[in-house]
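A.B. asks: what follows is a predicted structure for the sequence shown.
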Amino acid sequence: MQRTFGRWQVVPLDTSSGLDGGRSSVLVEALAARLELRKVRVHLGCPIESIHLRNGHVTAVASSDGDRPAAAVIATCDPWQTFNDLLPITAARRTRRRLRSLGPAAAPTIAHVEAPAPAPLLHETVTFSEAGVPTVNYLRRVAGGGLRTTHDFTATLPQPAYGVAWSGFASWLRRPSVTTDIPGLYTASPSSPAGPGASEVVLSAALAAYGCHEQLRAGA
């Protein structure tokens, strides 16, 4: 990943290919390869329906494919889904109260259209309205031509996947922490106090992984 004017972009190691500039799915492919190397089992097609607790501690997750014992869980979905939908109604009441005063961040309208292939691998253009609201255009090379992706911040909708809306410093303090008040439950998402940026989400995920490791090692 390469940072340009405060923005992170995916850049291929082999720039002669000209086909991977800006394609974020290369990160997914790298992660899948790493999981395979480390012999990590990935269960697809079995969404998590709830998180089971016993005496206030995480013990298992319930999926559409049955219950799976778990000594620790890292929830990467938005906090409203984690605490309001997946956990028992009596769990994490303090966090639930905080979430009532928070709302999802505004997400831009995103559109993709075919375009002539640009000379560079990736070309980014930012324009501003009279009110200073940006519209970001990404033009990148793909097989057979180019693709223009537009992020229009003048037309937004609240999307939990984009994190928590900023409403002053108090709203930051009310965000769920990576280590929750439920033993064995950790959160890592754009809603964490680290922030919604790519590097910030990776940081919250790393902290959650460290927390899991320390807990499992202490219980060994």
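C.D. replies: Perfect, thanks for sending it.
A.B. asks: list the strands paired with whichever strand in the chain runs longest, with their directions.
C.D. replies: If you go by DSSP state E, the chain has its longest strand at strand 145-158. Within its sheet, strand 145-158 is paired with strand 106-115 (antiparallel), strand 134-142 (antiparallel), according to DSSP bridges.
A.B. asks: tell me where the model's unsure across the protein.
C.D. replies: Scanning the chain with the threshold set as pLDDT under 70 gives 1-9, 11-23, 220.
A.B. asks: do a quick rundown of the strands in it.
C.D. replies: Counting by DSSP E, the strands of the chain are 2-4, 7-9, 48-54, 57-63, 66-69, 73-75, 106-115, 122-128, 134-142, 145-158, 185-187.
A.B. asks: could the ones you listed go into a markdown table alongside mean neighbour count?
C.D. replies: All C-beta atoms are positioned from the backbone trio N, CA, C, and that covers glycine. Formatted as a markdown table, the strands of the chain follow (neighbours: other CB atoms under 10 Å):
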| stretch | mean neighbour count |
| --- | --- |
| strand 2-4 | 10 |
| strand 7-9 | 14 |
| strand 48-54 | 16 |
| strand 57-63 | 16 |
| strand 66-69 | 11 |
| strand 73-75 | 21 |
| strand 106-115 | 13 |
| strand 122-128 | 13 |
| strand 134-142 | 18 |
| strand 145-158 | 14 |
| strand 185-187 | 26 |
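A.B. asks: can I get these in CSV with distance to Arg174?
C.D. replies: Shown next, in CSV, are those (distance: least, CB to CB, whole Å):
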stretch, distance to Arg174
strand 2-4, 29
strand 7-9, 27
strand 48-54, 21
strand 57-63, 23
strand 66-69, 31
strand 73-75, 17
strand 106-115, 18
strand 122-128, 31
strand 134-142, 27
strand 145-158, 17
strand 185-187, 13
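A.B. asks: of those, which is nearest Asp85?
C.D. replies: Asp85 lies closest to strand 48-54 among these, at 8.0 Å (CB to CB).
A.B. asks: quick one on the thing from earlier: turn the strands paired with strand 145-158 into CSV, including distance to Thr154.
C.D. replies: Shown next, in CSV, are these (distance: least, CB to CB, whole Å):
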stretch, distance to Thr154
strand 106-115, 8
strand 134-142, 6
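A.B. asks: for Leu157, which of the ones you listed is the nearest?
C.D. replies: With CB to CB, the closest approach to Leu157 among those belongs to strand 106-115: 5.9 Å.
A.B. asks: for the closest one, list the C-alpha coordinates in CSV.
C.D. replies: Presented in CSV, the C-alpha positions along strand 106-115 are these (Å, rounded to 0.1, in the frame of the first residue of the first chain):
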residue,chain,number,x,y,z
ALA,A,106,-22.2,9.0,6.4
ALA,A,107,-21.0,7.0,3.4
PRO,A,108,-20.6,8.5,-0.1
THR,A,109,-22.5,7.4,-3.1
ILE,A,110,-20.2,5.1,-5.2
ALA,A,111,-20.5,4.5,-8.9
HIS,A,112,-18.4,2.6,-11.4
VAL,A,113,-18.3,3.3,-15.2
GLU,A,114,-16.1,2.1,-18.0
ALA,A,115,-13.6,4.7,-19.2
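A.B. asks: give me the contacts around that strand.
C.D. replies: Residues outside strand 106-115 that contact it (CB atoms under 8 Å, 6 or more residues apart in numbering) are 136, 139, 145-153, 155-159, 161-162, 165.
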